[in-house]
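In: Could you work out the structure for the sequence below:
(one chain, ligands or ions: 1)
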Amino acid sequence: MSLPSRTTEGLRVNIVPIHAANPGPMTGEGNWTWLLPGTEATLIDAGTGAPRHLAALDDALRGAPLAQVLVTHAHTDHASGAPAIATRHQETRFRKMLWRERDAKWPVPYEPIADGDRIAAGDTSLVAIHTPGHAPDHLCFWHEDSRTLFCGDLAVKGGTVWIPASLQGDLAAYLASLERVIALAPARLMPAHGPVIEEPETVLRGYIDHRLEREQQILDALRHGDQTPDEIVARVYRGLKPQLLPMAQEGVIAHLVKLEAESRVRQDADRWLIVG
Ligand SMILES: [Zn+2]
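Out: Okay, the predicted model is just below:
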């Protein structure tokens, strides 16, 4: 039996990075979208409809038709540009795992993608990998030959990924998604934010360790008598900038929901109590 090869020489997929030109407080420098040119010219993620993104997409296509847009998930910075692309590219198909109430915000006629679907893209094919946690509809797209994973918001180099409890974020699902991706043994991750990740396992294992460490800190805070997400945030995220407090609070709630499902904490109105 041979081990899975990480060698990708000669198996590189042709990828054109196209920046979505949408810097901001939530997106940092903004999003990367990825064009796979070829017989099925495919754009991964729609951006936000910024004129510079649309123009850069046209330049990269060099007059070729855009066959499809694959959307990793229905957060604004990945999906809201779909109608603007649809207006300019009227034959283009739009495909994602459906999240109906959210998809309706930026209406295009989405065709559903299911976990494991193989999708012709560029001059090759990608496999859809359902990776919920950051969002319930989150998909990564896997290019087997080059062991390249277009990973959306599953990972961002040098940062952690936001698990928004109020937007159906699910920490337990996120941890399971990380394990699933580690098991693929990707050679590189192409994230929507930040640089390409050339050491996927280190980064993904680091996320898992970080979450388990955070979980311990939250359990310690509960043992110290903190009972509300506010109190826990004040202890665990000491000195955090005020504008980041709501995100930290959502992250703490995501941890509490996971711990509740594991019967390690229980909720009593707006208070959280450790079990046992
Ligand atoms: Zn997102």
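In: quick one: the strands in the stretch 151-276 of the chain?
Out: 188-191, 265-268, 271-274 (DSSP state E, counting those that start in this stretch).
In: Low-confidence regions, the stretch 101-250 of the chain specifically.
Out: Judged against pLDDT under 70, the stretch 101-250 of the chain has no low-scoring part.
In: Show me what residue of it gets nearest to the ion.
Out: Nearest residue of the stretch 101-250 of the chain to the ion (C-beta to the ion) works out as residue 153 at 3.8 Å. Any C-beta I mention is one placed from the backbone N, CA and C, and that applies to glycine too.
In: Now for the closest residue to that residue other than its chain neighbours, how many residues are close by?
Out: Spatially, and ignoring its direct neighbours in sequence, residue 153 is nearest to residue 134 (4.8 Å; C-beta to C-beta, 6 or more residues apart in numbering). Here the count is done by other C-beta atoms under 10 Å, and residue 134 has 26 residues near it.
In: Name the helix or strand for residue 134, please.
Out: Using DSSP states H and E, residue 134 is not contained in any helix or strand.
In: re earlier: could you tell me how many residues sit around the residue of the stretch 101-250 of the chain closest to the ion?
Out: For residue 153, the count of nearby residues is 23 (other C-beta under 10 Å).
In: repeat for residue 175
Out: Per other C-beta under 10 Å, the neighbour tally for residue 175 reads 18.
In: what does the protein put close to the ion?
Out: 75, 153 (C-beta under 5 Å from the ion).
In: In the chain, what residue spans correspond to helices?
Out: 51-61, 76-79, 82-88, 100-103, 171-184, 200-223, 229-236, 245-261 (DSSP state H).
In: most packed of these?
Out: Comparing those by mean neighbour count (mean count of other C-beta atoms under 10 Å), helix 76-79 ranks first with a mean of 23.
In: who's in contact with that one?
Out: 20, 22, 26-27, 30-31, 45-48, 71-73, 96, 102-103, 105-106, 152-153, 192 (C-beta atoms under 8 Å, 6 or more residues apart in numbering).
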